Structures are given as structure tokens and as C-alpha cells.
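J.: sequence below, structure please.
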Amino acid sequence: MNDMSEMSGSLRKRRLAPEDLASPQLFRLLLRLGLPAMFGLSINAAHHTINMVFVGMIGEDQIAAIMIVLPILMLVAAFGEGIGVGVATEVGRALGAGNRSRASTLASVSLAAGIGFGAASAVAIVAFPSVLLFGATSAIEPLAQHYLLIIAVSIPLTMAQIILDFLAIAEGNARFSMWTLVACFALNIILDPIMIFGFGLGLQGVAMATILSQLVALSIYGAHHARRLGTIRLTLGWRFADIKRLRPVLAVGAPTTLTSLATAGAIAAMLSVAGTYHGEDGIAGVGIALRLLAVGALPVIGISLGAQSILSFAWGRGDISRVLAAARMLSVVTSAVGGVYGLTAIIFSERLASFFTDEASVLTIAGQAIIATHLPFLLFGLRQTLLILFQAQGRPKAAFAVGLAQNGYLLFPLLALLPPFFGFSGLLAAMFLASALTGLLSCFWLARSLSALRQRSADDLAALNPYPSFCP
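T.: Next up, the predicted model:
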């Protein structure tokens, strides 16, 4: 009986154990890491989409209110994503170099920093809610403010969950990350209608469902690390001097943070322009298109996150040929996923929008915006591959240039030039051109980067570091 119990426990631990990042079966490893991460973020996208469907049952003003609050939450989450990307990259390199102690310290300090920043952000939001609701009309500002005040409580939880998720993927444990996300978002989807309609809480119910599901996810992560089922060992025993270890984490993660900040600002600006020409209907219509764009982007980002641990680990070992092979595979897989989703969204644009609303004016606006945003999405996979490659190589400036293109230095000049002359059509043109130019630039930069890796792989015949002893 004891033998059976021990065998069962051993099997459970193996199922939850990280993947071998040095495995010679590269494509299989990419799938085993990328698909769970893709599925986890797809569940995230589905969860947010279903949220919008439930909210749409209340009214178009409620959809507009959530879209007004979204950039604020994205501004805060941007720092969590930056810390997550930075610590995942640095942890991957440390594990590749065989230094598990450094990896664990980096993880512990980064998690503490993220939670601290989240708590400070929540206090600021509660203190100054009306100042932050940029672009809100008088009809939707009260709704947005009530929702924001409750969802502020979730911000430290969001920061912790983002960083823990990145850490799980960084150590090759994408399956555990996936199942945790599935549990979190499935619970959120179940709680949404109960809170919104069962208890009659409306938008406040959406916020409360989010908080409850996050607490469950963090409990799962807490149990995982308490039982030491992964490679990384989180601890409270780090010293104050260890805070300096955040420098490389923040340096690598800064492009992601700045890109996310630019994206939040871009969404706020696009919704504001849409509201200028079509009021609440314009905000709701463009908001639906942007929500559907996120549904397609998150699976591509998920695959990339799974591949990032492979690329960072290989770069830490100095295995350039493996970095090259992984980058090539990633570009093919992400392009296929992005291409299929983009074409599907274009073909069924108004039908997809009808899941959120039955207002004819909103459907027309959403259909136009979906086509403008999803046609250049066919190149999004190449942009994401290039971004992940630069992050794995520790090239923050190059990653920043790629990440900031679409929603930064390309979009804002177009928004300043086109809408004043062409009205709402100018907004659609600006959204399309910024994405298309980013995709074309990514094609060029990725081709050059892969060529440089090929040359270096051919010339550099130095011996690789041996596999770290803790690899499964």
C-alpha cells in the first residue's frame, strides 16, 4: 500500500516537473512548452471575451465603461509583464549556466518587487480614480469609476500571478502554468453570471469574480512552491543587498513594460478618437475589435513565451545553432496561428461582433475596425518571434524598437495626421498602417537576425557548457 502511494506521488511529481530544456528533441520541446502556454493564454482571451458577452447583456454603456478602465489596468500590468519577461529571461540564462541559486534569488526578489509595486498602484488608483479615467463621457464615467475602485484591490494579486506564471514557464513548467490558468479563468467564467445577474451586482460583480478567481490561482502557486515541485526555490531569506540583482531583470523587461505602456496609451487614444466621431457607439465598436485582436494575439504570445525559455536557456549555454533552429521553428508556428486567426476574423467580422451586441450602428463600426486591425495581423507572428529572440539575447534596445513600433512611434503620428482630414476613416487607416508597417519591418529585421545567427553558428565551434546537473 505504501509502495503504491509512493508510486502515485512520484508520478504526480513527474507530471508537474519542469521539462528538460536541453532536450535534443527541439520541436517536441517547443510544442510541449509552447502549446500549454498558448492554451493558457487562449483561455485568458476566451475568459475576457465571455466577460464582454455577459457585460454586453447589460448594455453598450457597460462595454464602453470596461474599455475606458482597460488602459489603466494595462498601465499597471505593464510593469508586471516587464518584470515577468525580465526575470524569466534572466532565470533561463542562470539555469542554462547551471546557477540555480542565482535563479532562485532573482525569482524571489522580483516577486517581492512586483507585489510591492502592485500595492502602491492600488493605493494611488483608490486615491485618484476620476483623474485616471481619460476619455470617459459623462454617461459612462460613473460606471467606470465604480468598477475601477473595486478592481483596484486585484492589482497586487495580478502582479503576483503574472510573475509566478512567467517563472513557471521559465523553468520549463508550462503545463503547470496552463492548468493553473485554466482553473483561474474557468472559475471566473462560472462566477461572472452569478455575480452579475444572480446577485445583481453588474460591473461590480465582474470585478469581484476576478478577485476571487485570482485568490484561487495564487493558492495553487503557493502550494506548488511550498512543496518544491519545481526547479526554482522561492524564499524570504534574500538580503536587502540582493535588490541590485533587479537591474538586469528591469533592463531586459523595460522594453516590454514600455511597449505595454504605449499599448495602453494607444488604446486610450484610439477609443478617444472613436468617441469623438461616433460617441459611445464608436467606443464600443472599436473596443470590440481590439478585444477580438487580443483573442488572436494571446495564443501567439503564449507560444512565444514557451519558446522564450528554450531560447534563453540555449543562449545561456552558448548553443547558437539551437537558438537559430528554435527561432526558425517559432516563426513558422506563430505565423501559421496568426494567419489562420487573422483570415477567420476578416471573413466573419460582423458575425463575430454580433456576439457582443445587436446594435446595428455598433456592429457596422466593429466590422470595419475588425478588418482594419486583423488584415496586418497576418504578420504578427514574425514580429513576436523577433521580439522574443532579442529578449533572449539580452538586447533590450532592439527589443524596445520592435515592441514600440506598432502602438508607439508609428501609430501616434498617424493618429495625429489622418483623423483630422479623414475622420473615422482616418482612424481606421492609422490602425491598419501602424500594424502593417510593423509587420514589414519585422520581416526585414528577422531575416537579418537569422542570417547573423547562421554566420555565427558556422564560425563559432567553441565547446558548449555541459548540461546543468539539475536538468531532469
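J.: what's the local residue count around residue 452?
T.: 12 (other C-beta atoms under 10 Å). (Glycine included, C-beta is placed from N, CA and C.)
J.: I meant to write residue 93 there.
T.: Quick note: residue 93 (other C-beta under 10 Å) scores 24 neighbours.
J.: do I have it right that it meets residue 318?
T.: No. Taking contacts as C-beta atoms under 8 Å, residue 93 lies outside contact range of residue 318: 10.6 Å.
J.: any stretches of this protein with poor pLDDT?
T.: 1-20, 37, 40-48, 51, 59-60, 129-139, 238, 241-242, 459-472 (pLDDT under 70).
J.: got a list of what residue 257 touches?
T.: Applying C-beta atoms under 8 Å, 6 or more residues apart in numbering, we find residue 257 in contact with 78, 79, 81, 82, 83.
J.: for these, which entry has the maximal number of neighbours?
T.: If you rank the contacts of residue 257 by neighbour count (other C-beta under 10 Å), residue 83 sits at the top with 27 neighbours.
J.: so it sits against residue 252, correct?
T.: No. Using C-beta under 8 Å as the test, residue 83 is too far from residue 252 to be in contact (9.8 Å).
J.: helices - which of the contacts of residue 257 land there?
T.: 78, 79, 81, 82, 83 (DSSP state H).
J.: which member of the contacts of residue 257 is positioned nearest residue 262?
T.: Nearest to residue 262, judged by C-beta to C-beta, of the contacts of residue 257 is residue 78 at 8.8 Å.
J.: check this protein for its longest helix and report it.
T.: Longest helix in the chain, counting by DSSP H: helix 246-317.
J.: could you point out the helix or strand that follows it?
T.: Following helix 246-317 in sequence order, the next helix or strand is helix 320-347 (DSSP states H and E).
J.: gap between the longest helix of the chain and the chain center?
T.: On the basis of C-alpha atoms, centre = their mean, to the nearest Å, helix 246-317 sits 7 Å off its chain's mean C-alpha point.
J.: that older thread, adding distance to residue 223, write the contacts of residue 257 out as a markdown table.
T.: Putting the contacts of residue 257 into a markdown table (distance: C-beta to C-beta, whole Å) gives the following:
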| residue | distance to residue 223 |
| --- | --- |
| 78 | 29 |
| 79 | 26 |
| 81 | 24 |
| 82 | 27 |
| 83 | 23 |
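J.: tell me which of those is nearest to residue 117?
T.: Of all the contacts of residue 257, residue 79 has the smallest distance to residue 117: 5.6 Å, by C-beta to C-beta.
J.: tell me the contacts of that closest one?
T.: Taking C-beta under 8 Å, 6+ apart as the test, what residue 79 contacts is 114, 117, 121, 159, 257.
J.: next: residue 327.
T.: Counting by C-beta under 8 Å, 6+ apart, residue 327 has contacts 311, 385, 389, 449, 450, 453.
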